[in-house]
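K.L.:
Could you work out the structure for the sequence below:
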Amino acid sequence: MSSKMVSILENISSKLKDCLLILFIGFAGTPGYLSPEVLKKDPYGKPVDIWACGVILYILLVGYPPFWDEDQHRLYAQIKAGAYDYPSPEWDTVTAEAKNLINSMLTVNPAKRITAGEALKHPWICQRERVASTLHRQETVDCLKKFNARRKLK
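P.N.:
Next comes the predicted model:
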């Protein structure tokens, strides 16, 4: 067997091991970004990516995640229930349109979750007359720095 063929087989073997590990564990991903259907081990498809984008959008707007708990079981319970909110004062200056888009992306039922095409046509994406205040942007950057520091500690 040629060295090229051995290399290809080793690569395939490595990828197969990764896939089997994911199947054995049940899912792969960063816990706070996983969708309810993944956590429930239901069949899933593209809507899981919309969920993750909703989590990312939430973080980008205020600098911390919508779902957070040191205990992974409680974190997963929050995600499965879609239990998040928009606490003051960070969310006070965020538009209703932005919150509506996040709500549409973080809809627990994947069949009712907004699609990528619909999200791209959402008013918050298409109609950008207003921009965040300088104060809101600075507060978000400060929160993002704290969030990133917490992630690095793990």
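K.L.:
What's the first helix or strand after the helix or strand hosting Ala52?
P.N.:
Using DSSP states H and E, Ala52 maps to helix 47-62. Using DSSP H and E, the helix or strand that follows helix 47-62 towards the C-terminus is helix 72-81.
K.L.:
Would you mind getting the angle between that following helix and helix 47-62?
P.N.:
100 degrees (axes from the mean of the first three to the mean of the last three CA atoms, to 10 degrees).
K.L.:
who does helix 72-81 touch, helix- and strand-wise?
P.N.:
Judged by 3 or more CB pairs under 8 Å, 6 or more residues apart in numbering; DSSP states H and E, helix 72-81 is in contact with helix 36-39. In this view, the C-beta of every residue, glycine as well, is placed from N, C-alpha and C.
K.L.:
follow-up on the earlier one: for the helix holding Ala52, which residues meet the burial criterion?
P.N.:
Neighbour-count burial for helix 47-62 flags 47-48, 50-55, 57-59, 61-62 (criterion: 16 or more other CB atoms under 10 Å).
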